[in-house]
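> Mind looking at a prediction? Sequence and model below.
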Amino acid sequence: MAKKRIADIADTHGLNAKELAKQLQEAGFSVPSPNSTIDEKLALSVVKANQPTNGASHPQRIGDLPPEQRRQRPADGRQGGGQQRQGGGGGGQRQGGGPGGARGGRPQGQGPGGRPQGQGPGARPQGAGAGPRPAGASGGGAGAGGSRSARPTRDDQRTGERAPAQAGGRRRVVIDSQAARRGPGGGGPGGGPGGGPQGPPRRPPRGRGRRRRGTYDDTIAPLDVQAQSATDKVKVNSGSTVKDVAEYLGVPIPEIIKKLMTLGEMATLTQTLADEAIQVIADEFDKEIEIVHAADDVDIEPTYDDAAEDLVERPPVVTIMGHVDHGKTSLLDAVRETEVTAGEAGGITQHIGAYQVHHNGKAITFLDTPGHQAFTAMRARGAKVTDIVVLVVAADDGVKPQTEEAIDHARAADVPIVVAVNKIDKEGADPTRVRTELTQRDLQPAEWGGEIEYVDVSAKTKQNLEDLLETIQVVADLEELKANPNVEASGHVIESKLDPGRGPVVTLLIDRGTLKIGDAVVAGADWGKVRALVDYKGDRVKEAHPGDPVEVLGFDGVPEAGEFFHVVESDKRARVLAAERANRLKTESIARRSGRKVSLEDVFTRAKSGTSKELNLVVKADVAGSLEAIEDEIAKLPQTEVFAQVIHRGVGGINESDIMLAAASDAVVLGFNVRPVGDAAAIADREGVEIRTYSVIYRAIEELRAAMEGMLEPEEVEESLGRAEVRQTFRASRIGVIAGSYVTEGMIRRGAKCRLVRDGTVVYDGEIESLRRFQEDVREVQTGFECGIVLRNFQDVKEGDVLEAYETKRVERELT
Ligand SMILES: Nc1nc2c(ncn2[C@@H]2O[C@H](COP(=O)(O)OP(=O)(O)OP(=O)(O)O)[C@@H](O)[C@H]2O)c(=O)[nH]1
């Protein structure tokens, strides 16, 4: 089931390529153009579903399955396009030209055409409550004036599957309608060598006795057992060991080890393999596999499908972003106070990570952590929590670097933007200038004929705050945000902390359903039984509804922000699900360390295999001039096999937010004379983001070109030796400046290559000329020791500089 370009599929089947792309967009696939790729069968199933013939009997729907089986539909589209993230009809979508339309130029949709047959309202028996429906059903499917955007709405995101190429990089998982019925040991024999279609290994029920009693009672579909038809790919869990892979593929273990050796990898039986390595091995044995990640498991983000008549309006969720000091926090506070003056809530005293204000009798939920870092960190975890971004720009300061970052982050997430021009009370405030500057960044004000709503405000004098709320509601109305309140709750964690008195305190944002005291909840690797619910006013409540933030007591731990939560039928099941997820996350994180989400090395291979034709880049440089030069050069590259696009550019060191954006958008980070700052390197490692740093542009462009043409050879690889921090400098008449340094990482070696990094920017790249400890020349100095370093031909060393010692090595092609 290789992916193909939409244009090629259209060609083969005598369809109009643009039309096909449009239909797929309407069905919720992230396919920006006819050059985007998609599985051919899936594309055809959507076309088929859109054909105006009636009576197409649709296969088993997820909602007809017991909850534990509500996994995503088969990758081969057996469940029809209907289970795709899709809308159709007028529901849950925004009008293309509406205010806040940061995504101008989005194709107008086709109303009802976007929904496959047999999935429309009324096509299923009512009363099932949680039964799956296409998200678009939210609009009743009438399609009246229903423009369908390429971006699925929040409801779509909730209710439908993530399209294959969607940012966030989640992959499809096949529904296993059999798994639950099979029970714990059911998959066993199939997993062994020659196990045929039952690909995934099921270890013999290794002693129920060893398991906690009763954990199997719920006949939980084990995460790693999924039924497959003879033609399906074998599902292999990410983070599998050599032994697991042998079982999955039905190949003797020694064969696998031998193969790995011929590929230059010495591996032991229990060694965890990176996804790429598993893929290579499978290819070598001619096996078709699909690597399944814990995050793919739809027990974690299931497909929901609510009947139109079950959906009710829910409050929009707003995040405030903008440059430092432009007034994000002040605006959040000022907005919060409008509630007090309105006398609606009697004051918001509690900080729980989000609060609500009311306007025109309707609630708006504000996330209390401003800034794009938190926003993108959540998105990297697969959570799309925010419906609208309020971009704060100070009228006396205009567009600044973090304003631009915020715009790129909001755009990458495809969330509409409302601009709040703040500080209009100040002397020198020039709201028109802000509009002009933002127009240059494609945020044309509605009053100038564009699509973006601007509101001039003052957080200090509280001027125009009601206007801002009004505008947010107008934009929200276009989004048609709806949810079914009459089911078990699900949503996302927005904050969690360990309170010395109360234990884990977790703030959840309800996306769907109603959360009640006594509910059993699972959020990632944590679970709980809801003991108490506290709202943003600090009041105890009995339940929380869609769009509501609520503090929950009763969790066993502190799940991460962005984690998906859902209510399950029993504590026991919550506990088991959490434990399974914890296990898989552990193995995956081990595997991730040896593999990358996207790397230049495998970009061409991915393009060839149809996995991804787009290469997203985050580019950081020391000066603005370099950025322009790089972008010009990238634009000149032949975009035949791979399309490279810069999703964010900026001057300065590579920071945490760059990494999170790259993680959320499957991008590679390119740095020119800049380095990761703060925790960026560690986070990149954790998130599997590749950072490539260069000192000359042509070298980067050469590598990009080579990667895009499949010619990249990782010939010269840099290996870090260690880092030292300059604590003091001395001047010696004959030697020059000596950097009195402390080795913080690895070791420093005389004669090694060395860079000097100041505030994230490389200011010198040369060699360590001499290395001393207590007047003695030494060859090496290890972590934790002080030393004197003299750099070759460089005197401008300052306190606080960081020295990076490194070596370059020629290495053989890696196992990718
Ligand atoms: N005159 C005036 N000052 C404002 C206004 N809004 C914020 N300020 C001031 O601007 C400064 C920065 O405001 P903050 O709300 O802390 O800005 P921020 O964007 O949250 O800043 P960071 O959290 O550091 O990113 C503070 O001194 C505020 O008092 C406004 O509307 N008018």
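Structure's in. What do you need?

> Could you pull up the residues touching the residue nearest to F643 when sequence neighbours are not counted?
Leaving out its chain neighbours, the residue that sits closest to F643 by Cβ to Cβ, 6 or more residues apart in numbering is E614, at 5.2 Å. Just so you know, the C-beta spots here come from the backbone N, C-alpha and C atoms, and that holds for glycine as well. Counting by Cβ atoms under 8 Å, 6 or more residues apart in numbering, E614 makes contact with S36, A165, V642, F643, A644, Q645.

> Got phi/psi on E614?
When quoted as degrees, to the nearest 10, the phi and psi of E614 stand at phi -100, psi 140.

> measure it to the ligand for me?
Using Cβ to the nearest ligand atom, to the nearest Å, we find E614 at a distance of 32 Å from the ligand.

> Same check on D8?
Distance check for D8 against the ligand: by Cβ to the nearest ligand atom, it reads 47 Å.

> would that residue count as being in a helix?
Yes: with DSSP: H, G, I helix; E, B strand; the rest coil as the criterion, D8 is part of a helix.

> mind listing the strands for the stretch 501-650 of the chain?
503-512, 515-516, 520-523, 526-534, 540-541, 543-544, 549-555, 564-568, 614-621, 643-651 (DSSP state E, counting those that start in this stretch).

> Next: the stretch 651-800 of the chain.
667-672, 691-694, 716-732, 736-749, 753-758, 761-773, 776-777, 780-782, 786-791.

> average pLDDT for the third one?
Translated: strand 716-732. For strand 716-732, the mean per-residue pLDDT is 87.

> Starting from that strand, tell me which strands it pairs with and how they run.
Applying DSSP bridges, strand 716-732 is found paired with strand 736-749 (antiparallel), strand 802-810 (antiparallel).

> Return the most buried member of those.
strand 736-749 (a mean of 19; mean count of other Cβ atoms under 10 Å).

> now it against strand 786-791, angle please.
Between strand 736-749 and strand 786-791, the angle comes out at 110 degrees (axes from the mean of the first three to the mean of the last three Cα atoms, to 10 degrees).

> now what about strand 736-749, what contacts it?
Strand 736-749 is contacted from outside by 720-732, 754, 768, 771-772, 779-791, 795-797, 801, 803, 805, using Cβ under 8 Å, 6+ apart.

> Pull out the buried residues from those.
Buried members of those, scored by 16 or more other Cβ atoms under 10 Å, are 721-724, 726, 729, 754, 768, 771-772, 780-781, 787-791, 797, 801, 803, 805.

> tell me which parts of the protein are close to the ligand?
322, 324-330, 370, 422-423, 425-426, 458-460 (Cβ under 6 Å from any ligand atom).

> Looking at the strands paired with strand 716-732, spot the one closest to Q473.
strand 802-810 (48.9 Å; Cβ to Cβ).

> Could I get the CA-only coordinates of that closest one as CSV?
In CSV, the C-alpha atoms belonging to strand 802-810 read as follows (Å, rounded to 0.1, in the frame of the first residue of the first chain):
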residue,chain,number,x,y,z
VAL,A,802,31.6,28.0,26.3
LEU,A,803,34.3,26.0,24.6
GLU,A,804,33.3,22.9,22.6
ALA,A,805,36.0,20.5,21.8
TYR,A,806,35.3,18.1,18.9
GLU,A,807,36.7,15.7,16.4
THR,A,808,35.6,14.9,12.9
LYS,A,809,35.5,11.3,11.8
ARG,A,810,34.7,9.5,8.6
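
> Identify the bridge partners of V737.
Applying DSSP bridges, one finds that V737 bridges with R731.

> The one 4 residues further on now?
With DSSP bridges as the criterion, the beta-bridge partners of S741 are V726, C787.

> For it, report the pLDDT, please.
With respect to pLDDT, S741 has a value of 95.

> Of the strands of the stretch 501-650 of the chain, which stretch is the most buried?
Comparing these by mean neighbour count (mean count of other Cβ under 10 Å), strand 520-523 ranks first with a mean of 26.

> Which single residue in the stretch 551-700 of the chain comes nearest to the ligand?
The stretch 551-700 of the chain approaches the ligand most closely through S657 (12.4 Å), counting by Cβ to the nearest ligand atom.

> sec struct for the spatially closest residue to that residue that is not a sequence neighbour, please.
Leaving aside its sequence neighbours, S657 sits nearest to Q373 (Cβ to Cβ, 6+ apart; 4.5 Å). Using three-state DSSP, the structure places Q373 in helix.

> what pLDDT does Q373 get?
On pLDDT, Q373 comes in at 71.

> likewise the one 10 residues further on?
As predicted, A383 sits at a pLDDT of 75.

> For it, give me its contacts.
By Cβ under 8 Å, 6+ apart, A383 lies in contact with H492, G562, E563, F564.

> Quick check: the residue lying closest to the first one once chain neighbours are set aside vs the ligand, distance?
Nearest residue to H492, sequence neighbours excluded (Cβ to Cβ, 6+ apart): A383, at 4.7 Å. Using Cβ to the nearest ligand atom, A383 is found at 22 Å from the ligand.

> cool, and R411?
Taking Cβ to the nearest ligand atom, one finds R411 at 20 Å from the ligand.

> hang on, that residue in a helix?
Yes: the assignment for R411 (three-state DSSP) places it in a helix.

> Pass me the low-pLDDT residue ranges in the stretch 701-816 of the chain, would you?
710-717, 810-816 (pLDDT under 70).

> Pull the contacting residues for the residue nearest to S657.
Applying Cβ under 8 Å, 6+ apart, we find Q373 in contact with E656, S657, M660.

> ok, now with 10 Å
By Cβ atoms under 10 Å, 6 or more residues apart in numbering, the residues touching Q373 are M321, Q402, E405, A406, H409, N655, E656, S657, D658, I659, M660, L661.

> quick one: low-confidence parts of the stretch 151-300 of the chain?
151-232, 293-300.

> what about 50?
Residue ranges of the stretch 151-300 of the chain with pLDDT under 50: 151-231, 298-300.

> that older thread, torsion angles phi and psi at the residue nearest to H492?
Per-residue torsions, A383: phi -100, psi 120 (degrees, to the nearest 10).

> Also the one 10 residues further on?
Main-chain dihedrals, V393, degrees, to the nearest 10: phi -130, psi 130.

> pretty sure it contacts V324?
No: counting by Cβ atoms under 10 Å, V393 stays clear of V324, with 12.0 Å between them.

> anything in contact with each of these two?
Joint contacts of V393 and V324 (Cβ under 10 Å, 6+ apart) are K400, T403.

> Please say which of these two ends up with more neighbours.
V393 (28 against 10; other Cβ atoms under 10 Å).

> Could you find the closest non-adjacent residue to that one?
Nearest non-adjacent residue to V393 (Cβ to Cβ, 6+ apart): V434, at 5.0 Å.

> any idea how far the ligand is from that neighbour?
Separation of V434 from the ligand (Cβ to the nearest ligand atom): 13 Å.

> Confirm that that residue sits in a strand.
No: applying three-state DSSP, one finds V434 to be helix, outside a strand.

> Cheers, nothing more for now.
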